[in-house]
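In: Got a sequence here, can you model it:
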Amino acid sequence: MKTVSLFALGLLAAPVLSQAQTGQPVRFGLKAGATLSTIVGPGTSGDPKVSPLVGGMGGVFATVPLGAAQRWFLQPELLYSQQGYRLSHPATEYDARFRSDYLKLPLLLGIARGGFFAAVGPQAGYLVQVRNTYHSQQVSPAGVPLGPTETINTDLRYYRRWEFSAVAAVGYRWHCGAGLELRYSDTFFSQSHDGLSSNYGYPNAHSLSGQIQASYLLPWH
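Out: Model prediction:
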């Protein structure tokens, strides 16, 4: 966690250093939104069925103009983001939700024109917690249904704590500072650690996620 804090401080310090060098205004902002994520890879197309999971996100960011025209910009961010996936098997009434909470540290390079903008870049994520919820129908040895059961697992031992991904985003920002953005990210490798399967038997699966973000650039003086 100490490494995450130092990295985050470095990202937030970058705009200040850039402003000192270019003389251009650096602006800070807030954002929040929703995430739709899942996993893809070998075996995920069979039973039980893998489907997307909805989560939330929020955080802070800075925009650093690059060059006199200020069309290009650098955007470091510090976000708290949920992602995961869902498993279901209707025949057995089995349902599971695998939710992971991350601190995300994107560093994006973007271009803006007439309010529209696009950005790409790398993203590091640090896994803060997991909450895996399992629902199933309990049956007696004689085959008599006993009712649904719920089990919750928050064990982090089988997960990689760091995640690295690529990010692409497009959006529009109004003159008042409000913005709306669509974002896509794809991880570089599985969450599983040391060959152990944290993805319900899918050790080679990796995460995909899409987000819709609403943001606001704070006034600059």
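In: Phi first, then psi, for residue 46.
Out: The phi/psi pair for residue 46 (degrees, to the nearest 10) reads phi -100, psi -160.
In: So, low pLDDT: which residues of this structure?
Out: 1-24, 139-147, 189-201, 220-221 (pLDDT under 70).
In: quick one: the strands in it?
Out: 27-40, 49-51, 53-66, 72-89, 94-113, 116-139, 145-153, 162-173, 178-187, 206-217 (DSSP state E).
In: okay, now residue 49: neighbour count?
Out: Neighbour count for residue 49, taken as other C-beta atoms under 10 Å: 12. Backbone N, C-alpha and C define where each C-beta goes, glycine included.
In: so it makes contact with residue 85?
Out: No - in this structure, residue 49 is not within contact of residue 85 by C-beta atoms under 8 Å, at 10.4 Å.
In: Just give me the neighbour total for the nearest residue to residue 42 once chain neighbours are set aside.
Out: In space, and not counting its chain neighbours, residue 42 is closest to residue 204: 5.1 Å by C-beta to C-beta, 6 or more residues apart in numbering. Neighbours of residue 204 under the rule other C-beta under 10 Å: 15.
In: Residue 204 and residue 41: what is the separation?
Out: Counting by C-beta to C-beta, to the nearest Å, the gap from residue 204 to residue 41 is 5 Å.
In: Which residue is the nearest non-sequential neighbour of the one residue sitting closest to the centre of the chain?
Out: Against the mean C-alpha coordinate of the chain, by C-alpha atoms, centre = their mean, the closest residue is residue 81 at 4.7 Å. Leaving aside its chain neighbours, residue 81 sits nearest to residue 57 (4.0 Å; criterion: C-beta to C-beta, 6+ apart).
In: That neighbour pairs with what?
Out: With DSSP bridges as the criterion, residue 57 is bridged to residue 33, residue 81.
In: so who does it touch?
Out: By C-beta atoms under 8 Å, 6 or more residues apart in numbering, residue 57 lies in contact with 31-35, 79-82, 104, 211, 213.
In: Residue 104 versus that one, what's the distance?
Out: Distance from residue 57 to residue 104, by C-beta to C-beta: 8 Å.
In: joint contacts of those two?
Out: 79-81.
In: can I get those residues in a markdown table with distance to residue 117?
Out: As requested, those are arranged in a markdown table below (distance: C-beta to C-beta, whole Å):
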| residue | distance to residue 117 |
| --- | --- |
| 79 | 17 |
| 80 | 23 |
| 81 | 20 |
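In: Thank you kindly, that will do.
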